[in-house]
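**Student:** give the three-dimensional model of this entry:
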Amino acid sequence: MGKIIDVRTTYEAFASGADLSAFGEVEIYGWARTNRNSGQIGFIELHDGTAFKSIQVVYSNDSENYDAIAHITTAAAIKVTGTIVLTPEMKQPFEIHAKTVELLGDVAEDYPLQKKRASLEFLREIAYLRPRANTFQAVFRVRSVLAMAVHTFFQERGFVYVHTPEITGNDAEGAGSVFTISTEGTPHPYTDFYGTKASLTVSGQLHVEAFALAFKDVYTFGPTFRAEKSNTKRHASEFWMIEPELAFCDLNGDMECIEACIKFCIRYVLEKCPDEMAFFSTWIDKGLMDKLNAVLNTPFTRMDYTEGIKILQEAVKNGHKFDYSNIEWGMDLQSEHERYLTEEVVKGPTFLINYPEAIKAFYMKENGPDKVGPNGEKTVAACDLLVPGEGEIVGGSQREEIYEVLKAKMDKLGNTNGLEWYLNLRKYGGCVHSGFGIGFDRLLMYITGIDNIRDTEPYPRTSNALKY
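**Tutor:** Modelled structure (predicted):
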């Protein structure tokens, strides 16, 4: 029996200067990407999933079962026994000269993924096979590495990871776009199981805030759900959220953590996934590396929402054309407005801060009289991080810690019932605290250049589309 190897560790051994020819006889398991032969000699591109790269397997009519090897088709599972031969003059630094190639799993003639480019739309229809395509080999490996980057960032800084519930009786955002949970065949399908109406969570924030007031710095990272019937490239009904909460931290500290987190995640992916990132910058977005390096090397600017509105209004006066050109204080900015501010005005990552209270969530900290709108409108200590090429990718705020202020806001909204526990956090040792949310799938879109959220999720969930 030969030494069992895989693609990743073999390339790592080569990079470290190991003598691969000294490995002797080796075994490797994987799938055939291509198989071509001239009658005397053949070449199989073997991919085993451990790296973005493949290894070339060379076989000849001296190899055992040559005729059978020559008929191995794309995607067949195989076992190769042979020796590693260095090929410094070739495109690949080494290859495997096969002694035997054993077919472990054949492929039917109707296999839909052949060695040709397929559209992303077509690949979505065969989501169970698309991880085999180059684009999705790259996307889903980066997704895995990016998830590790998130955990590494917070764990190295002493944050506690909290698993918040996916089933809840609270609508954290107050928007009402929730999936209600029911039980079939019961007299009261929405209340019989839990004794109250239940839904899938739209955010883990409220639950994780309670842990911040015990552990100081915490985060939750898991799936969330929104029942919005939106068919844009940026919306899905199931997506993952990164939601940290920091006790004894104001909005300024919150923004410092956001900036550090985004830069850490980008650096981590660039370091761990050079082959995948080279693929994205060649085939998906040729300006990708310049965009990411600009984020890494530029201090994040801070701009007041009121100032941003004035700049946008001035741009309209000077002839700039927006699809939404009626710019007024109090509006929720569109992506085109956010991109104008970060790309044309600041020319770098920008925190837009101190938003109108009326367009933000109930739990955000109410600012003092020194930070009101042009007609005395209340604002809140909220921030959105805007980046060139995308617009908003992170939202955060200082949370309202004053019991009486928060209670009045919740009573006015009518959402106090059921959230008394959340309100009580303010009178049982409450303190200044802040947090933010990063849409993990959208962050992955930004880092890879993929422009549709359906192509960053293994099995995307959108309205009128529930396959697999």
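**Student:** how about the helices in this protein?
**Tutor:** For the chain, the helices defined by DSSP state H occupy 7-15, 66-70, 120-125, 134-156, 205-215, 251-272, 274-279, 288-297, 305-317, 335-339, 403-413, 420-424, 440-448.
**Student:** which other helices and strands does the fifth one contact?
**Tutor:** For helix 205-215, the packing partners by 3 or more CB pairs under 8 Å, 6 or more residues apart in numbering; DSSP states H and E come out as strand 217-225, strand 238-247, helix 420-424, strand 433-439. C-betas here are computed from N, CA, C, even on glycine.
**Student:** out of those, flag the one nearest D285.
**Tutor:** strand 433-439 (18.7 Å; CB to CB).
**Student:** counting by contacts, list what the closest one packs against.
**Tutor:** Against strand 433-439 (3+ CB pairs under 8 Å, 6+ apart) you get helix 205-215, strand 238-247, helix 251-272, strand 391-398.
**Student:** strand partners of it, parallel vs antiparallel please.
**Tutor:** strand 238-247 (antiparallel), strand 391-398 (antiparallel) (DSSP bridges).
**Student:** CSV for the ones you listed, including mean pLDDT and mean neighbour count?
**Tutor:** Output for the strands paired with strand 433-439, formatted as CSV (pLDDT from 0 to 100; neighbours: other CB atoms under 10 Å):
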stretch, mean pLDDT, mean neighbour count
strand 238-247, 97, 23
strand 391-398, 96, 22
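**Student:** quick check: the nearest residue to F225 once chain neighbours are set aside vs T416, distance?
**Tutor:** Leaving aside its chain neighbours, F225 sits nearest to L200 (4.0 Å; criterion: CB to CB, 6 or more residues apart in numbering). Computed as CB to CB, to the nearest Å, the L200 to T416 distance reads 22 Å.
**Student:** one step back: any idea what the residue nearest to F225 is bridged to?
**Tutor:** I167.
**Student:** contact partners for it?
**Tutor:** 166-168, 178-179, 181, 224-225 (CB atoms under 8 Å, 6 or more residues apart in numbering).
**Student:** farthest-apart pair in those, please.
**Tutor:** Greatest spatial distance among these (CB to CB): I181 and T224, at 14.6 Å.
**Student:** give me the more crowded residue out of the two.
**Tutor:** T224 (24 against 17; other CB atoms under 10 Å).
**Student:** contacting residues around the residue lying closest to that one once chain neighbours are set aside?
**Tutor:** Spatial nearest neighbour of T224, chain neighbours left out: M241 (4.8 Å); criterion: CB to CB, 6+ apart. Counting by CB under 8 Å, 6+ apart, M241 touches 203-204, 220-224, 437-440.
**Student:** between those residues, which is closest to A212?
**Tutor:** When the contacts of M241 are compared against A212 (criterion: CB to CB), the nearest one is T220, at 10.3 Å.
**Student:** now do the closest one against T301, distance only.
**Tutor:** The value you get for T220 to T301, if CB to CB is used, is 29 Å.
**Student:** which of those two has more residues huddled nearby?
**Tutor:** Between T220 and T301, counting by other CB under 10 Å, T220 is the more crowded of the two (25 against 16).
**Student:** now the more buried one. Nearest residue, chain neighbours left out?
**Tutor:** G204 (4.0 Å).
**Student:** what's the average pLDDT for stretch 124-137?
**Tutor:** Here stretch 124-137 scores 96 as its mean pLDDT.
**Student:** got the contact list for it?
**Tutor:** 31, 49, 52, 75, 112-113, 118, 120, 123, 140, 276, 279, 283-284, 454-455, 458-460, 467-468.
**Student:** and F140, how many residues sit next to it?
**Tutor:** Using other CB under 10 Å, the number of residues around F140 comes to 17.
**Student:** how long is stretch 329-344 end to end?
**Tutor:** End-to-end span of stretch 329-344 (CA to CA, to the nearest Å): 20 Å.
**Student:** can you pull the buried residues of it?
**Tutor:** 333, 337-343 (16 or more other CB atoms under 10 Å).
**Student:** list of residues touching it?
**Tutor:** 303, 306, 308-309, 311-312, 315, 320, 322-324, 327, 348-350, 352, 356, 358-359, 373-375, 377, 384, 386-392.
**Student:** select only the buried ones of those residues in ChimeraX?
**Tutor:** Paste this into ChimeraX to select the buried members of the contacts of stretch 329-344, with burial taken from 16+ other CB under 10 Å:
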select :303,306,308,309,311,312,315,327,348,349,350,352,356,373,384,386,387,388,389,390,391,392
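**Student:** among the contacts of stretch 329-344, which lie within strands?
**Tutor:** 303, 350, 352, 356, 384, 386-387, 391-392 (DSSP state E).
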